[in-house]
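S.K.: quick one, structure for this:
(one chain, ligands or ions: 2)
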Amino acid sequence: MDMTDITARGLVILGCGKMGSAMLEGWLAGGLAPQSVTVLDPTPSDFLTSTGCRLNAALPERPALVLLAVKPQIMQDALAQVTHYGGGEVPVLTVAAGLPIRYYERAFGAGTPVIRAMPNTPSAVKRGITAIVGNEGGTGYLDLAEELLSAVGQVVRLESEAQMRTVTGISGCGPAYVFHMVEALTEAGVREGLSEEVAGQLARATISGAGALLDSSDESAAQLRTNVTSPNGVTEVALRTLMEELPDLMHRTVMAAIKRDEELSK
Ligand SMILES: NC(=O)C1=CN([C@@H]2O[C@H](COP(=O)(O)OP(=O)(O)OC[C@H]3O[C@@H](n4cnc5c(N)ncnc54)[C@H](O)[C@@H]3O)[C@@H](O)[C@H]2O)C=CC1
Ligand SMILES: O=C(O)[C@@H]1CCC=N1
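M.R.: Residues are numbered from 1 along each chain as shown. Ligands and ions are numbered 1, 2, ... in the order given. Now for the predicted structure:
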């Protein structure tokens, strides 16, 4: 089973909002034929309508994969449209936060290969990172899942499903933390005398530039930080304030994500 099967047998996507579209955008840009993708979504976006994918159309008999990308809160109702694929021949890949593999095993029936994944929205520009873990039947489809997901970024395989909560709090939610840092940096600039426009431009370019440097450099994040920090200079003093509070704040942030993920699993 490989990407050729996806083209031949089709891919079904249940729910294609922000995360589903981010992944789909990456796959289509990578050459996946839109006609091989059937999307079920009651409120398709303009992006989705423009893709040429089969929208709310008749479902393929035996797709190569079913991707579940609806909110966990509506998963139960939405699943009825695809549970007939359960039983063994069609693997199910879910990106929903919280819901454990056993939830899908119950819904689709025993023997259904299930892969649980936690991607993030930079997948839209092929810069995502997705963690995956499968049930017993899903193990044989991890290579396919990895091939599909590595078309939109990096993939890591987890040792156990229990690790998924922490992954969600780190990389699933992580882009939001970084975007908020742009907002906070902008606000600080405005409070200290810059226009909103200039502060916003500086903050955005700084975060995306630092990300690009981190990505292209062999140096550790700590070394790249040191490279900015002139001894006895400005950054050194600034960092004293940030480094006093950020590690604990970040830990509490991740713990809050883990707690909410736990709540969603019930
Ligand atoms: N947004 C993110 O950064 C990430 C989201 N996720 C997971 O991805 C899933 C989707 O999240 P988002 O894309 O952010 O939400 P979203 O609200 O943007 O997308 C959900 C989509 O499901 C559709 N939908 C609603 N009812 C439906 C039904 N009965 N049948 C089919 N489709 C239906 C909606 O129209 C919408 O397009 C969630 O389970 C979330 O935990 C995972 C990683 C990151
Ligand atoms: O906020 C959420 O629930 C999803 C999971 C990770 C990112 N977005």
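S.K.: could you say which helix or strand contains residue 235?
M.R.: Assigning secondary structure by DSSP states H and E places residue 235 in helix 234-264.
S.K.: this protein against ligand 1: which residues are in contact?
M.R.: 14-20, 40-43, 69-72, 74, 77-78, 95-97, 118-121, 172 (C-beta under 6 Å from any ligand atom). Every C-beta, even on glycine, is put in place using the N, C-alpha and C of the backbone.
S.K.: run the last query once more with 5 Å
M.R.: By C-beta under 5 Å from any ligand atom, the part of the chain that sits against ligand 1 consists of 15, 17-19, 40-41, 43, 69-71, 74, 78, 95-97, 121, 172.
S.K.: okay, whichever residue of the stretch 101-250 of the chain sits closest to ligand 2: pLDDT?
M.R.: Per C-beta to the nearest ligand atom, the residue of the stretch 101-250 of the chain with the smallest distance to ligand 2 is residue 172, at 3.3 Å. pLDDT, the model's per-residue confidence, is 97 for residue 172.
S.K.: and for the residue in the chain that ligand 1 sits nearest to, the neighbour number?
M.R.: Taking C-beta to the nearest ligand atom as the measure, the point where the chain comes nearest ligand 1 is residue 17, at 1.9 Å. Under the neighbour criterion other C-beta atoms under 10 Å, residue 17 is assigned a count of 15.
S.K.: count of neighbours near the residue of the stretch 101-250 of the chain closest to ligand 2?
M.R.: Residue neighbour count, defined by other C-beta under 10 Å, stands at 25 for residue 172.
S.K.: next: residue 85.
M.R.: Using other C-beta under 10 Å, residue 85 has 22 neighbouring residues.
S.K.: ok, residue 62 next?
M.R.: A count of nearby residues for residue 62, using other C-beta under 10 Å, gives 10.
S.K.: what helix or strand is it located in?
M.R.: In this structure, residue 62 is located outside every helix and strand according to DSSP H and E.
S.K.: pretty sure it is touching residue 9, no?
M.R.: Yes: using C-beta atoms under 8 Å, residue 62 is in contact with residue 9, at 6.1 Å.
S.K.: the residue of the chain closest to ligand 1 and residue 183, how far apart?
M.R.: 22 Å (C-beta to C-beta, to the nearest Å).
S.K.: for residue 173, which non-adjacent residue is spatially closest?
M.R.: residue 257 (5.1 Å; C-beta to C-beta, 6 or more residues apart in numbering).
S.K.: ranges for the strands of the stretch 101-250 of the chain?
M.R.: 114-118, 128-134, 153-157 (DSSP state E, counting those that start in this stretch).
S.K.: now those strands as TSV including mean pLDDT and mean neighbour count?
M.R.: Compiled in TSV, those are given as follows (pLDDT from 0 to 100; neighbours: other C-beta atoms under 10 Å):
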stretch	mean pLDDT	mean neighbour count
strand 114-118	98	26
strand 128-134	98	23
strand 153-157	97	16
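S.K.: with distance to residue 188 added, can I get those strands in CSV?
M.R.: What follows is these, written out as CSV (distance: least, C-beta to C-beta, whole Å):
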stretch, distance to residue 188
strand 114-118, 31
strand 128-134, 28
strand 153-157, 30
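S.K.: buried sites along the helix holding residue 235?
M.R.: With burial defined by 16 or more other C-beta atoms under 10 Å, the residues of helix 234-264 counted as buried are 253, 254, 257, 258, 260, 261, 264.
S.K.: likewise stretch 140-159?
M.R.: Residues 141, 142, 144, 145, 146, 148, 149, 151, 152, 153, 155, 158 are the ones in stretch 140-159 that count as buried (16+ other C-beta under 10 Å).
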